[in-house]
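Trainee: fold the following for me, if possible:
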Amino acid sequence: MRHGRAIALTLGALISVGTATADAATRYQFKFTGRGFGHGVGMSQYGAQGAALAGMKAESIIGMYFPGTTLQKLPTTTVRVLLGTSITSRSMTASGQWTLTNRLGQAKTMPSGAITASVIDGTTMVFKDATGKIVFRAGGMVLAKPVGASILVLGTKRYRGAFRLTPASNRFSVINVVDLEKYLPGVVPLEMPASWAPQALRAQVIAARSYAMATKRTGEFDMYADERSQMYGGVNAEDSRTNAAVATSAGLVATYGGRVATTFFSSTSGGVTESAQNVFGNAVPYLVSISDEQYDAISPRHIWGKYDQKVLKDSQISAALGLPRPVLSMRVVSRSPAGRALKVRVVQTDGTVSYFTGSTFRWKFGLSSTWFYQSRSIVS
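Mentor: As a prediction, the model looks like this:
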């Protein structure tokens, strides 16, 4: 989330390279340099770490990155996390006692050891023990629920809460129905290193909790277990340090105008965060560009090193952009006030001019952010 206006303006005047009158036989390569990692909206995670190391509390970090928001405490709530779809067969067990319940409320306590779930006859769930014996059968949805402190196991991953298994066309989906405060311990260490400062971890917890509540889907489940929502690994992902961060910030969310704020975050701002309007197309009062140069500077991607820089041939660029001829020159013709590329002008060897968004360049070429510059050199 990201960075430096004076540098952006100075370098922006230097990035135009080549003209359409150059010798078409000359071949070029383009070097991309830049700043930051991620979309740049909201909280820079490295910035949060830098601020925490400087003595800032989590509440202040959230206030800095999401200006105008206030913190409120949510009541206990349950979330539904989609763990998998179109599953043909999957092993299930628990660390202790657990039950399977059909849609009529009829329940059975499961024997020790793993059982295998699958679907027959289109929508009939069957569960078999290690010998292949059917130990439970049900038409339609089945709820797998731990007893007491037991933890359910799906394949090799452990999860708190219950599983809702829904069959369709000889396959089934699994949804983890879990308390929000037991979901977050499986999220935070996958989104931020558990070794980071406690106040940075607490800020990440508040951002993750707020984001989860603000972006809940409608329908059969609330969120995905991957980057489409937030990374979620269940008990396997938990760490005592991030568990403590969840516990010490229990229920806290950022709100704006009485609603939970959509608290975007990404790795590294590069020094100035980006507004939501320039990334997602909609202006949001608390997702505006702010300077965090003094905090984000601790990131190894604050300014790109060799790992993030790219050198691409003219033909590679044209192929990725779907252009018929090698690229002769390119220039960022529009930047956001924060410095990120909004529109790029590309000239082919025959003089044809095309325009692309900075986001297109980022994704087509695997750039770390849209805050990039390019220089051209002749291929010898």
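
Trainee: quick one, helices of this protein?
Mentor: 5-12, 45-53, 58-65, 180-183, 188-191, 198-214, 240-248, 276-280, 293-296, 314-321, 358-365 (DSSP state H).

Trainee: now for those, which one comes closest to P167?
Mentor: Set against P167 and scored by C-beta to C-beta, these come closest in helix 180-183, at 24.5 Å. From N, CA and C alone the C-beta is placed, and that goes for glycine too.

Trainee: quick one: list the elements packing against that closest one.
Mentor: Packing partners of helix 180-183 (3 or more C-beta pairs under 8 Å, 6 or more residues apart in numbering; DSSP states H and E): strand 78-87, helix 198-214.

Trainee: burial-wise, tell me which of the ones you listed comes out on top.
Mentor: helix 198-214 (a mean of 26; mean count of other C-beta atoms under 10 Å).

Trainee: what angle separates it from helix 240-248?
Mentor: Inter-element angle recorded for helix 198-214 and helix 240-248: 60 degrees (by axes from the mean of the first three to the mean of the last three C-alpha atoms, to 10 degrees).

Trainee: does anything pack onto helix 198-214? Which helices or strands?
Mentor: helix 45-53, helix 58-65, helix 180-183, helix 188-191, helix 240-248, strand 252-256, strand 259-260, strand 265-266.

Trainee: one more time with 7 Å, if that's ok
Mentor: helix 45-53, helix 58-65, helix 188-191, helix 240-248, strand 252-256, strand 259-260 (3 or more C-beta pairs under 7 Å, 6 or more residues apart in numbering; DSSP states H and E).

Trainee: and for the second one, what's in contact with it?
Mentor: Residues outside helix 58-65 that contact it (C-beta atoms under 7 Å, 6 or more residues apart in numbering): 42-43, 48, 51-52, 69, 71, 199, 202-203, 206-207, 249, 254, 273, 290.

Trainee: sorry, back to before: nearest to K145, of the helices and strands packed on helix 198-214?
Mentor: helix 240-248 (22.7 Å).

Trainee: from the chain's centre, how far out does stretch 347-366 sit?
Mentor: In terms of C-alpha atoms, centre = their mean, to the nearest Å, the centre of stretch 347-366 is found 26 Å from the chain centre.

Trainee: oops, could you answer that again for stretch 357-373 instead?
Mentor: That offset, for stretch 357-373, works out to 17 Å (C-alpha atoms, centre = their mean).

Trainee: ok, and what's touching it?
Mentor: Everything outside stretch 357-373 that qualifies as a contact, by C-beta under 7 Å, 6+ apart, is 2-3, 11, 15, 32-38, 40, 270, 301, 304, 308, 310, 312, 320-321, 339-344.

Trainee: just the buried residues of it, please?
Mentor: 358-362, 365, 367-373 (16 or more other C-beta atoms under 10 Å).

Trainee: quick revisit: which of the helices and strands packed on helix 198-214 sits most buried?
Mentor: That would be helix 45-53, which, of these, has the most neighbours on average (mean count of other C-beta under 10 Å), namely a mean of 26.

Trainee: who does that one touch, helix- and strand-wise?
Mentor: Going by 3+ C-beta pairs under 7 Å, 6+ apart, helix 45-53 lies up against helix 58-65, helix 198-214, helix 293-296.

Trainee: between that helix and helix 58-65, how many degrees?
Mentor: Using the same axes, to 10 degrees: helix 45-53 against helix 58-65 is 130 degrees.

Trainee: the residue nearest to R259 when sequence neighbours are not counted and L152, how far apart?
Mentor: Nearest non-adjacent residue to R259, counting by C-beta to C-beta, 6 or more residues apart in numbering: A214, 7.5 Å away. According to C-beta to C-beta, to the nearest Å, A214 stands 28 Å off from L152.

Trainee: ok, R376 next?
Mentor: Taken as C-beta to C-beta, the span from R376 to L152 is 56 Å.

Trainee: higher neighbour count, those two?
Mentor: The neighbour comparison of R376 against L152 (other C-beta atoms under 10 Å) goes to L152, with 25 against 18.

Trainee: which residues sit in contact with the more buried one?
Mentor: L152 touches 94, 98, 144, 146, 159, 163, counting by C-beta under 7 Å, 6+ apart.

Trainee: tell me the one among these nearest to V260.
Mentor: Among the contacts of L152, and counting by C-beta to C-beta, the member closest to V260 is Y159, at 24.3 Å.

Trainee: TSV please, covering the helices and strands packed on helix 198-214 and showing distance to K128 and mean pLDDT.
Mentor: Putting the helices and strands packed on helix 198-214 into TSV (distance: least, C-beta to C-beta, whole Å; pLDDT from 0 to 100) gives the following:
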stretch	distance to K128	mean pLDDT
helix 45-53	44	98
helix 58-65	48	98
helix 188-191	32	98
helix 240-248	35	98
strand 252-256	43	98
strand 259-260	43	98
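
Trainee: closest to G233 out of these?
Mentor: Per C-beta to C-beta, nearest to G233 of those: helix 188-191, 5.5 Å.

Trainee: give me the residue at the spatial middle of the chain.
Mentor: E227 (3.9 Å; C-alpha atoms, centre = their mean).

Trainee: shaky segments in the chain?
Mentor: 1-24 (pLDDT under 70).

Trainee: hmm, 50 instead?
Mentor: Scanning the chain for pLDDT under 50 picks out the ranges 1-22.
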